[in-house]
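Chemist: This is a predicted model, with the sequence first.
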Amino acid sequence: MLLGLALGETLGRARGALPGSGPLRAGVSTQLACFTAEGVIRAQVRGNHKGICYAPGVVLHAYCRWAYLQGIEAEKMRHRWRPYGGAWPDGWLAGVPALGERRGSAPATVTALSRIDEDEKRMATSSRGWHALTRGLPIAVTGMGGIAQAGRVAALTHGDTAAQAATVHAAVLAHHCLSDSSAESGSSALNALRAGISALTPSGRRGTDDEDTHLVATGDEHSRLVATFQHAVDGPADAVRLARLAPDPTALSAMLGGLYVAASFPDRADLPVALRFAANAPDGESVACVAGALLGAAHGVEALPVDLVSRHELAWALDTLARDLVSELDDSPSGSEYVKGWDPHWWDRYPGW
């Protein structure tokens with residue numbers, strides 16, 4: 001999923017026309033997705049050791065480390081976080097050089113982080129932009145019980161409720177692509193996408209303490225998902241249709257465009273073609289990013305083009321984060337408050353705060 005996301009964004013930025021050799025540069029959404037994955041790991045570590053954790057706050061801290069590395073409000077970030085610990089920024093991810101280089105603009109995220117001294121509800125912008133969605137996709141790995149956090153993480157910087165809803169819905173689709181065995185064992189991702197849409201069936205239970213308000217789609221939202229999926233089944237790979245579904249760089253367009261592309265090219269062998277088709281959407285960067293994540297999740301890393309993955313500047317970091325995220329969720333290498341861990345270096349790699 002993470003490598004598919006990264007390749008999709010890179011291809012989309014290049015409108016599908018990559019150089020024939022040399023390293024492939026990551027986009028800003030891939031950078032932020034790295035810090036989301038790291039933040040999820042660190043939140044899990046904190047919960048295991050402290051018994052309590054507000055995960056969106058830990059992910060917000062991760063975005064602040066990204067901002068510091070980028071030179072965005074560096075002194076404000078250092079002043080905010082350094083008093084809580086020793087050396088800052090901490091954790092291994094902060095040492096990856098490519099994460100400190102500008103790879104595009106994320107204006108809503110930057111604006112919100114510049115207001116870090118305000119409370120979370122006041123720092124968010126009114127943006128509907130797609131970065132809220134794509135950077136939140138790693139949360140899909142936590143399962144349906146944790147996906148509600150995707151909306152809360154999006155809300156840290158993007159106050160638009162439609163963007164928050166699209167972020168959660170995309171995470172649900174990605175979760176089913178990751179977990180539906182029929183997609184990986186067969187030649188199609190359609191069953192996984194269909195299952196994800198079904199999981200978002202409208203319900204009267206909305207906004208309870210245990211359920212994010214976007215974890216089930218409204219009637220209109222669900223109808224739009226069903227219609228998009230059916231358009232792909234009945235009329236796949238139609239560039240005009242894709243442009244109508246995803247006309248702008250919003251989170252909703254990214255989700256619908258990514259869903260349409262993934263359902264138009266469900267076969268494993270067509271993944272490279274799917275990414276190049278997505279790259280020619282009106283905002284190809286966002287659509288290809290989502291399509292790559294969904295298809296990478298459905299088909300596995302083996303389906304991704306080796307020649308492109310091996311050239312991507314963040315391939316190693318993404319692979320390491322993906323493996324460590326699964327390890328933390330399955331095995332807690334640093335142990336817990338009462339159980340000794342088997343990896344003495346894990347807390348240094350992923351400090352629980």
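Modeler: Structure received. What you are looking at is a predicted structure, and each value in this text was computed from that prediction instead of being measured.

Chemist: So, low pLDDT: which residues of the stretch 201-350 of the chain?
Modeler: 203-213 (pLDDT under 70).

Chemist: change it to 80
Modeler: Along the stretch 201-350 of the chain, segments meeting pLDDT under 80 span 203-214.

Chemist: Which residue ranges of it form strands?
Modeler: Here the stretch 201-350 of the chain has no strands by DSSP state E, counting those that start in this stretch.

Chemist: dump the residue contacts of residue 257.
Modeler: With contacts defined as Cβ atoms under 8 Å, 6 or more residues apart in numbering, residue 257 is in contact with 242, 245, 246, 278, 281, 283, 286, 287, 290, 291. For every residue, glycine as well, the C-beta is placed using N, CA and C.

Chemist: Of those residues - the most surrounded one?
Modeler: Taking other Cβ atoms under 10 Å as the neighbour criterion, residue 290 ranks highest of those with 36 neighbours.

Chemist: Might one say that it is in contact with residue 256?
Modeler: No. Using Cβ atoms under 8 Å, residue 290 is not in contact with residue 256; the gap is 9.1 Å.

Chemist: Give the full set of residues in contact with residue 38.
Modeler: Counted by Cβ under 8 Å, 6+ apart, residue 38 has contacts 62, 91, 93, 321, 350.

Chemist: which residue packs closest to residue 250, ignoring adjacent ones?
Modeler: Spatial nearest neighbour of residue 250, chain neighbours left out: residue 128 (4.4 Å); criterion: Cβ to Cβ, 6 or more residues apart in numbering.

Chemist: Phi and psi next, for the one you found.
Modeler: Here is the backbone geometry of residue 128 (degrees, to the nearest 10): phi -110, psi 10.

Chemist: What about residue 269, how many residues nearby?
Modeler: 10.

Chemist: so how far is residue 284 from it?
Modeler: Residue 269 sits at a distance of 22 Å from residue 284 (criterion: Cβ to Cβ, to the nearest Å).

Chemist: go on, residue 193?
Modeler: Counting by Cβ to Cβ - residue 193 and residue 284 are separated by 20 Å.

Chemist: now do residue 23
Modeler: 20 Å.

Chemist: before we move on, what about residue 291?
Modeler: Residue 291 is 10 Å from residue 284, by Cβ to Cβ.

Chemist: now do residue 294
Modeler: For residue 294, the distance to residue 284 - Cβ to Cβ - is 15 Å.

Chemist: got it, and residue 66?
Modeler: Distance from residue 66 to residue 284, by Cβ to Cβ: 24 Å.

Chemist: Then residue 298?
Modeler: 20 Å.

Chemist: So which of these two has more stuff around it?
Modeler: More crowded of residue 298 and residue 284, by other Cβ under 10 Å: residue 298, with 30 against 27.

Chemist: check contacts around residue 280.
Modeler: Going by Cβ under 8 Å, 6+ apart, the list of residues near residue 280 reads 15, 16, 239.

Chemist: try residue 332
Modeler: 44, 45, 48, 339, 341.

Chemist: quick one: which of those residues has the most company?
Modeler: residue 45 (26 neighbours).

Chemist: mind listing what it touches?
Modeler: By Cβ under 8 Å, 6+ apart, residue 45 lies in contact with 328, 332, 334, 346, 347, 350, 351, 352.

Chemist: if I pick the most centrally placed residue in the chain, what's in contact with it?
Modeler: Among the residues of the chain, residue 137 comes closest to the average C-alpha position under Cα atoms, centre = their mean, at 2.4 Å. Contacts for residue 137 (Cβ under 8 Å, 6+ apart) come out as 1, 5, 33, 36, 170, 171, 174, 290, 293.

Chemist: Got the phi and psi for it?
Modeler: Residue torsions, per degrees, to the nearest 10, at residue 137 are phi -60, psi -30.

Chemist: overlap in contacts of residue 291 and residue 284?
Modeler: Common neighbours of residue 291 and residue 284 (Cβ under 8 Å, 6+ apart) are residue 278.

Chemist: could I have the top helix by length along the chain exported to CSV, CA atoms only?
Modeler: The residue-count maximum for a helix in the chain (DSSP state H) belongs to helix 28-50. Presented in CSV, the C-alpha positions along helix 28-50 are these (Å, rounded to 0.1, in the frame of the first residue of the first chain):
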residue,chain,number,x,y,z
VAL,A,28,5.0,15.7,-0.2
SER,A,29,2.0,13.4,0.4
THR,A,30,4.4,10.4,0.5
GLN,A,31,6.6,12.3,3.0
LEU,A,32,3.5,13.0,5.2
ALA,A,33,2.3,9.4,4.9
CYS,A,34,5.7,8.3,6.2
PHE,A,35,5.2,10.4,9.3
THR,A,36,1.6,9.1,9.7
ALA,A,37,2.9,5.6,9.7
GLU,A,38,5.5,6.5,12.2
GLY,A,39,3.0,8.3,14.4
VAL,A,40,0.7,5.3,14.4
ILE,A,41,3.6,3.1,15.6
ARG,A,42,4.6,5.6,18.3
ALA,A,43,1.0,5.9,19.4
GLN,A,44,0.7,2.2,19.8
VAL,A,45,4.0,2.1,21.7
ARG,A,46,2.7,4.8,24.1
GLY,A,47,-0.6,3.0,24.6
ASN,A,48,1.2,-0.3,25.4
HIS,A,49,3.6,1.4,27.9
LYS,A,50,1.4,4.1,29.4
